[in-house]
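Asker: Got a predicted structure plus its sequence, pasted below:
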Amino acid sequence: MLLQNIALSFWAIITMNIIISNKLDTPIYEQIKEQIKSCIIKGEMGEGEMLPSIRSLAADLKVSVITTMRAYNDLEEEGYVASMQGKGCFVLPKNKEHIKEQKLKEIEKHLMDAINAAGAIGLAEKELKNILEILLKE
């Protein structure tokens, strides 16, 4: 089924609006990967759609081919895209459980950052919970 979808949309190459910044601490390949992943999760890129070639994306973003290759490899390892030798890189069907697990890991990381920041200023656990409750109500 995936191969049929890929064949049908082979010429429908996705145009993406990726914005990278050298001022961020986040590596460029990670910025590219996260923005493509976000497009997939939001449904802006559908199953079987072809991503731009590694070379063309690198040229468009004015970054190295190695940088875009790293982003695509990471997306493939995380189960968002599949590469087909000589054909390109295509969006895989959404695995809702996988996406949920990725988001849970992201939430846990942000919560650990908040816990560490609270600990650095001596904020009590009760105060941190109060902040979270207030934010949840908003």
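Answerer: Happy to help now that I have it. Residues are numbered from 1 along each chain as shown.
Asker: What segments of this protein are helices?
Answerer: Taking DSSP state H to define them, one finds helices in the chain at 2-8, 28-42, 54-61, 65-77, 96-120, 125-137.
Asker: Can you give me the distance of the closest residue to I54 other than its chain neighbours to A114?
Answerer: Distances taken as C-beta to C-beta, 6 or more residues apart in numbering place T68 nearest to I54, at 4.8 Å, with adjacent residues excluded. The way it works is simple: take the backbone N, C-alpha and C, and place the C-beta from them, glycine included. As judged by C-beta to C-beta, to the nearest Å, T68 and A114 stand 33 Å apart.
Asker: swap in I41?
Answerer: For I41, the distance to A114 (C-beta to C-beta) stands at 23 Å.
Asker: now do Q102
Answerer: 19 Å.
Asker: picking up where we left off before, could I get the helices of the chain as a markdown table with mean pLDDT, mean neighbour count and distance to I20?
Answerer: Listed next are these as a markdown table, based on pLDDT from 0 to 100; neighbours: other C-beta atoms under 10 Å; distance: least, C-beta to C-beta, whole Å:
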| stretch | mean pLDDT | mean neighbour count | distance to I20 |
| --- | --- | --- | --- |
| helix 2-8 | 37 | 13 | 27 |
| helix 28-42 | 92 | 18 | 5 |
| helix 54-61 | 94 | 16 | 6 |
| helix 65-77 | 96 | 18 | 9 |
| helix 96-120 | 88 | 11 | 20 |
| helix 125-137 | 93 | 10 | 30 |
